[in-house]
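S.K.: A structural model of the following input is requested.
(one chain, ligands or ions: 1)
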Amino acid sequence: MLQGKTIVLGVTGGIAAYKAAALCSALVQRGADVRVILSSSALQFIQPLTFQALSRNHVMIDTFEEKDPTVISHIDLADQADLIVVAPATANFLGKAALGLGDDMLSTTLLATRAPVMVCPAMNVHMYQHPAVQHNMELLRARGVQFVEPGEGFLACGYVGKGRMAEPEEIVDTIIKHFTLKQDLVGKKLVITAGATREAVDPVRFFTNRSTGKMGYALAEAASRRGAKVILVSGKSTSLPIPPGVEWMPIESADDMYQAVVSQAHDADMIIKAAAVADYRPAVVHEHKLKKKEGNLVIEFERTTDILRYLGEHKLPTQVLVGFAAETENLEENAMRKVISKNLDFIVANNVALEGAGFGTDTNIVSLYDKNGLIKTLPQLAKREVADCILDEAILRSEEKVQCMPKL
Ligand code: CTP
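M.R.: Here you go, the predicted structure:
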């Protein structure tokens with residue numbers, strides 16, 4: 001089941017390190033090539049020889065060991081990995097990973113990899129509940145790290161509660177699920193826009209909005225995971241990491257976005273415009289910094305091109321075009337108006353005034369509308385789950401269009 005997969009198993013210093021040996025063995029038995037990295041604290045609990053014997057691979061501990069002069073080992077491992085699993089992951093590891101520190105073999109490999117990362121925390125229940133640990137996990141989750149939640153029960157420290165590492169069989173099941181996910185976008189090209197645009201006034205100032213790009217990045221990640229070729233057009237202001245396998249076209253202004261999207265639209269199977277594009281830009285961009293003067297400053301704005309409207313007017317027969325509507329009132333009415341006027345297949349509408357929805361949050365509450373009205377309302381979900389629902393609907397629409405094409 002895991003034949004041909006290279007799995008880097010990071011083991012950090014907790015008592016659950018003994019369970020990592022069973023995990024390593026189970027992965028090897030299912031055909032995976034397992035490369036183990038031990039942190040220096042893990043060595044207090046378990047010996048490298050255990051993992052060497054189970055994995056039949058050299059175990060990595062020291063970043064500077066560099067046994068093979070033809071490669072830099074943490075970069076090489078990072079590149080070879082199809083998946084990195086950290087089990088057990090201590091509170092210290094989570095803190096380091098959230099901060100992006102690179103002070104040992106595991107942390108540098110994690111920084112260097114483009115592979116998906118799965119983390120299996122294990123610690124005392126109070127440590128697990130600590131706001132700092134929870135915050136670090138939130139940060140990592142937002143960067144696309146997948147968590148295998150710890151179980152509840154008797155902990156080695158004597159407490160009973162949540163914190164014991166998930167059992168190796170559960171972790172193996174999650175890993176197998178990860179590799180056998182839906183691949184229903186293979187051969188499809190998706191153009192996805194995300195985040196805010198910036199409209200310059202002068203060399204040091206610009207107008208922008210509150211969009212962080214989380215929804216668009218979640219869509220790009222999900223589409224790439226499902227096998228699509230993904231072109232992500234997003235602002236340089238978005239600080240999120242580019243999801244693995246995704247091609248990034250950095251832009252700044254609405255006009256940059258227009259140029260980038262139009263250059264990619266002619267052969268795109270789906271275009272999803274999650275970006276919050278400026279509707280207006282300063283009519284004049286000053287060459288030098290505007291100096292303050294007595295009295296008020298008046299800036300004249302002119303309209304930007306409505307990219308989505310342009311795409312709707314030039315839509316290919318089998319192309320699926322999806323828009324977003326961020327509203328604070330009259331959600332349905334506004335969403336329907338945009339679907340029809342911009343010739344969209346459907347629109348993802350959310351009330352950005354609701355808690356747990358809109359800009360900057362990790363969750364969203366959206367409803368999908370097409371020209372006939374409401375398609376579905378989704379409950380509050382993680383943005384990556386919302387992304388999968390949007391892609392499911394887009395795939396359905398795409399299949400309908402292909403079926404309706406005259407057969408030659
Ligand atoms: N959009 C676009 N080009 C623009 C402006 C918006 O492609 N210049 C896209 C957005 O990416 C989004 C959708 O259009 O998918 C949003 O629709 P829009 O009518 O622009 O919504 P608002 O900007 O919220 O405008 P309104 O004032 O009409 O609510």
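S.K.: tally of neighbours for whichever residue of the stretch 1-150 of the chain sits closest to the ligand?
M.R.: Residue of the stretch 1-150 of the chain nearest the ligand, by Cβ to the nearest ligand atom: Ala142 (21.5 Å). In this view, the C-beta of every residue, glycine as well, is placed from N, C-alpha and C. Look at Ala142: counted by other Cβ atoms under 10 Å, it has 20 neighbours.
S.K.: now swap in Thr174 and tell me
M.R.: Residues near Thr174, counting by other Cβ under 10 Å, number 17.
S.K.: and what of Thr238?
M.R.: 21.
S.K.: Run through who's touching whichever strand or helix holds Leu54.
M.R.: Leu54 is part of helix 48-55 when elements are defined by DSSP states H and E. Applying Cβ atoms under 8 Å, 6 or more residues apart in numbering, the external contacts of helix 48-55 come out as 9, 11, 20-21, 24-25, 28, 34-36, 38, 58-59, 61.
S.K.: just checking, Gly213 touches Val233?
M.R.: No. Between Gly213 and Val233 there is no contact under Cβ atoms under 8 Å: 10.7 Å.
S.K.: the more surrounded of these two?
M.R.: Higher neighbour count among Gly213 and Val233: Val233, with 28 against 24, using other Cβ under 10 Å.
S.K.: And the spatially most distant residue from the centre of the chain, how far from the ligand?
M.R.: In the chain, Glu294 marks the outermost C-alpha relative to the chain mean, sitting 47.2 Å out by Cα atoms, centre = their mean. From Glu294 across to the ligand, the span is 33 Å (Cβ to the nearest ligand atom, to the nearest Å).
S.K.: swap in Ala265?
M.R.: On the measure of Cβ to the nearest ligand atom, Ala265 and the ligand end up 12 Å apart.
S.K.: next one: Glu170
M.R.: Separation of Glu170 from the ligand (Cβ to the nearest ligand atom) stands at 39 Å.
S.K.: That residue against Val148, yeah?
M.R.: Yes. The pair Glu170 / Val148 is scored as a contact, 6.7 Å apart, by Cβ under 8 Å.
S.K.: So which residues on the stretch 51-200 of the chain come close to the ligand?
M.R.: Residues of the stretch 51-200 of the chain found near the ligand (Cβ under 6 Å from any ligand atom) are Thr193.
S.K.: about what we covered before: need the overlap of contacts for Gly213 and Val233.
M.R.: 194, 275.
S.K.: Contacts only, for the residue of the stretch 1-150 of the chain closest to the ligand.
M.R.: Ala142 neighbours (Cβ under 8 Å, 6+ apart): 214, 240, 362.
S.K.: out of these, which touch the ligand?
M.R.: Subset of the contacts of Ala142 in contact with the ligand: empty, counting by Cβ under 6 Å from any ligand atom.
S.K.: Of those residues, grab the buried ones for ChimeraX.
M.R.: A single ChimeraX command selects the buried members of the contacts of Ala142 (16 or more other Cβ atoms under 10 Å):
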select :214,240
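S.K.: can you redo the contacts of Ala142 as a markdown table with pLDDT and secondary structure?
M.R.: What follows is the contacts of Ala142, written out as a markdown table (pLDDT from 0 to 100; DSSP: H, G, I helix; E, B strand; the rest coil):
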| residue | pLDDT | secondary structure |
| --- | --- | --- |
| Lys214 | 93 | helix |
| Leu240 | 89 | coil |
| Asp362 | 85 | coil |
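S.K.: Nearest to Leu308 among the contacts of Ala142?
M.R.: Distance to Leu308, by Cβ to Cβ, is smallest for Lys214 among the contacts of Ala142, at 19.7 Å.
S.K.: correct me, but that closest one touches Thr363?
M.R.: No. Judged on Cβ under 8 Å, Lys214 makes no contact with Thr363 at a distance of 9.6 Å.
S.K.: any common contacting residues for the two?
M.R.: What both Lys214 and Thr363 touch, as defined by Cβ under 8 Å, 6+ apart, is the set Lys383.
S.K.: Quick check, Arg141 in contact with Asp362.
M.R.: Yes. Counting by Cβ under 8 Å, Arg141 sits close enough to Asp362 to count as a contact (6.8 Å).
S.K.: which other helices and strands contact the helix ranked longest in the chain?
M.R.: For the chain, the helix with the greatest residue count under DSSP state H is helix 383-404. Here helix 383-404 touches helix 214-225, strand 270-273, strand 320-327, strand 346-351, strand 363-364, strand 366-370, strand 373-377, going by 3 or more Cβ pairs under 8 Å, 6 or more residues apart in numbering; DSSP states H and E.
S.K.: Give the buried residues for the next helix or strand after the helix holding Leu54.
M.R.: Next along the chain after helix 48-55, taking DSSP H and E as the criterion, comes helix 73-80. Buried residues in helix 73-80, counting neighbours by 16+ other Cβ under 10 Å, are found at 73-74, 77-78.
S.K.: again with stretch 157-172
M.R.: 161-166, 168, 171-172.
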